[in-house]
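# Turn this into a structure:
(2 chains)
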Amino acid sequence: MISKPKGCYDIYGTNAKKWQYVSKIIDSLMEKYNYGYIRTPIFESSELFHRGIGESTDVVTKETYDFVDRGERKMTLRPEGTAGIVRSYVENKMYGDAIQPIKLYYNGTMYRYERPQSGRDREFTQFGVEVLGSNDPMVDAEVISIPVILLSMLGLKGVKVKINSLGDKESRDNYRKALIEYFKPHMTSLCEDCNDRLEKNPLRILDCKVDRENELLKNAPKTIDYLNEESKKRFEEVKSYLDELGIDYEVDTKLVRGLDYYNHTVFEIEASVEGFGSNNVLAGGGRYNGLVNTLDGPETSCIGFACGIGRIIQALDLEEVKLPIIEDLEVFVMYVSDTEKKYASSLVQYLRGNGFRTDTEYTGRGLKAQFKQADRLNSKYLIILNDEDLKNDEVKVKNNKTKEEALVSIDYLLYYLDEHLMDEDYDMDECSCGHDHNHDHECNCGGNCNCGGHNEEI
RNA sequence: GCGGAAUUGGUGAAGUGGUUAACACGCCGGAUUGUGGCUCCGGUAUGCAUGGGUUCGAUCCCCAUAUUUCGCCCCA
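Modelled structure (predicted):
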């Protein structure tokens, strides 16, 4: 038997419905924020990632899926979304578009050659946003608000927003220098990994798990103390816009990010759910004002974020959030004889064509087994075909909950089903999006729930 | 890249160096000759991840590989 590649997953069944639901919410949210969907290639020339993400980063040095194509070109499966989008921005000269800034979102698979563990796969899906062509702090706040709103729309509660500022290039360089000077005399008291980090990325020493309790770290210089006036002012503005939007956040001066291209605002959204593994960052992002220029475009101010859909679903499962996914059937058509079967095939098509979620029997099971099958599919109504009834152009319709049966004329069938299914919807006391509602207000399911009216909590 | 744990039918799993690999759920069939979800009866792994080795004999012991899982590093 051939098995799937390590760290990759088949998504199907109920799980697939969750993924589809999250994607649906993302699309409708982005439509309202007026971000355009962008789809770029899953592989790009290797050089793009080397220059874009940073030659020395772990992502590039040891985590990429590289291959040489038949034309001897060096290619890499994208390990993240931003580089490809910036390439597209430059290549398609979007900086010349009449409408600025360019607001884009993507939702697709990324690839990193890593050892899989909880919350980390080799193929994973990221939803992300990029705003190219504005340095306004208001944009920073808007971009941060998107994943926050998304997670709350999905019904996730244990979420923590952390922000920090690395400042502009000058501030960032000064801070880096200060950190190296600060740590250098004390390296023996730090762990092995931190010794490696000193030259490579001293900022990361700050959130080392091993040395977390070390006094040295607690008293280390803080990013914000090294921000120049302009960077400091900018950070204050971002925070005030976040306050304006009612976003709860925490300034975490130890928050740095691993990709080289970040400056000014950086942020992360953490799942603070009991039982979540160590990879608990649901979304992360920041400003990357130098990247477009690095990739041969004009100086352009940009900000973006990415979030891992897999991790979001992991968090939703852990919090046992009930998503409004459809897991039932409205009608199941049953038959035994060949003439009934023929009739069933066209009846099913007729019902589906008229908007009913309908299924039938395909494997030659007996009637008894068909009843069981209908139960497994959570069918609300059963239609039990009978040659005798068909002669009179009638079918037997059974409510699978009340067990009431009715002989219904075929001309009247659609109307009958419509009436009865509608009645059931009104009886519903719990909305399928997981909340109890009455019928006066919009619920926060994003308009995708099928509770029959959008509502407020009772 | 480094480390720990695991891998037995459709599922959850017991188990043993030696004829037929427990048990439960599910599934299929029957009791009930077209109305089930309760009950009862019967059926349901030629195989214990894969490849080597040790052995008279291996699902069980050893090695390797693959995959899963949990950490480190890193990241979403």
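# Any idea which residue of chain A lies closest to RNA strand B?
Per CB to the nearest atom of the strand, A:Gly258 is where chain A lies closest to RNA strand B, at 0.8 Å. From N, CA and C alone the C-beta is placed, and that goes for glycine too.
# Assumed that residue was part of a helix.
No. Under DSSP: H, G, I helix; E, B strand; the rest coil, A:Gly258 sits outside any helix and is assigned coil.
# The residue nearest to it when sequence neighbours are not counted: what's it in contact with?
Nearest residue to A:Gly258, sequence neighbours excluded (CB to CB, 6 or more residues apart in numbering): A:Thr57, at 6.2 Å. When contacts are counted by CB atoms under 8 Å, 6 or more residues apart in numbering, A:Thr57 touches A:258-260.
# Could you name the helices and strands sitting against the host helix or strand of A:Val292?
Using DSSP states H and E, A:Val292 sits in helix A:291-294. Here helix A:291-294 touches helix A:46-53, helix A:82-91, going by 3 or more CB pairs under 8 Å, 6 or more residues apart in numbering; DSSP states H and E.
# got the residues of the stretch 351-458 of chain A near RNA strand B?
Residues of the stretch 351-458 of chain A found near RNA strand B (CB under 7 Å from any atom of the strand) are A:365-369, A:371-376, A:382, A:384-387, A:396, A:398, A:400, A:403, A:405.
# Restricted to strands, list the residues you listed.
The strands, defined by DSSP state E, take in A:382, A:384, A:396, A:398, A:405 from these.
# So, low pLDDT: which residues of chain A?
A:424-458 (pLDDT under 70).
# tell me the domain boundaries of it?
Taking automatic domain parsing as the reference, chain A has its domains at A:13-168+A:228-318, A:329-427.
# and A:Ala220, which of the ones you listed is closest to it?
Minimum separation from A:Ala220 across the domains of chain A (CB to CB) falls at domain A:13-168+A:228-318, 8.4 Å.
# Get me the contact residues on the stretch 1-150 of chain A for RNA strand B.
So the stretch 1-150 of chain A meets RNA strand B at A:1, A:3-8, A:57-59, A:62-63, A:80, A:112, A:114-121, A:124, A:126 (CB under 7 Å from any atom of the strand).
# on that earlier part again, touching RNA strand B at all, the next helix or strand after the helix holding A:Val292?
Per DSSP H and E, helix A:291-294 leads on to strand A:302-308 as the next helix or strand towards the C-terminus. Yes. Strand A:302-308 lies within reach of RNA strand B by CB under 7 Å from any atom of the strand, at A:306-308.
# and strand A:302-308, what does it pack onto?
Looks like strand A:302-308 contacts helix A:82-91, strand A:123-132, helix A:137-153, strand A:263-271, strand A:281-287 (3+ CB pairs under 8 Å, 6+ apart).
# same thing but 10 Å
helix A:82-91, strand A:102-111, strand A:123-132, helix A:137-153, strand A:263-271, strand A:281-287, helix A:291-294 (3 or more CB pairs under 10 Å, 6 or more residues apart in numbering; DSSP states H and E).
# Would you mark the buried spots in the following helix or strand past that strand?
Later in the chain than strand A:302-308, the nearest helix or strand by DSSP H and E is helix A:309-318. By 16 or more other CB atoms under 10 Å, the buried positions in helix A:309-318 come out as A:309-316, A:318.
# a markdown table please, covering those and showing distance to A:Ile205.
Formatted as a markdown table, the buried residues of helix A:309-318 follow (distance: CB to CB, whole Å):
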| residue | distance to A:Ile205 |
| --- | --- |
| A:Ile309 | 31 |
| A:Gly310 | 29 |
| A:Arg311 | 25 |
| A:Ile312 | 29 |
| A:Ile313 | 32 |
| A:Gln314 | 29 |
| A:Ala315 | 28 |
| A:Leu316 | 34 |
| A:Leu318 | 30 |
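# Most widely separated two among these?
Going by CB to CB, the pair spanning the buried residues of helix A:309-318 furthest: A:Ile309 and A:Leu318, at 14.8 Å.
# returning to what we had before: dump the domains of chain A to TSV, plus distance to A:Asn201.
What follows is the domains of chain A, written out as TSV (distance: least, CB to CB, whole Å):
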stretch	distance to A:Asn201
domain A:13-168+A:228-318	7
domain A:329-427	52
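# ok, and which of those has the densest surroundings?
Greatest average neighbour count among the domains of chain A goes to domain A:13-168+A:228-318 (a mean of 18), per mean count of other CB atoms under 10 Å.
# how long is that one end to end?
18 Å (CA to CA, to the nearest Å).
# Which one of the helices and strands packed on helix A:291-294 lies nearest to A:Tyr343?
Closest of those to A:Tyr343 is helix A:82-91, at 53.0 Å (criterion: CB to CB).
# which residue packs closest to A:Asn164, ignoring adjacent ones?
A:Leu255 is the one closest to A:Asn164 (CB to CB, 6+ apart), at 4.0 Å.
# same check, this time on A:Ser134
According to CB to CB, 6+ apart, the nearest residue to A:Ser134 is A:Pro101 (4.0 Å).
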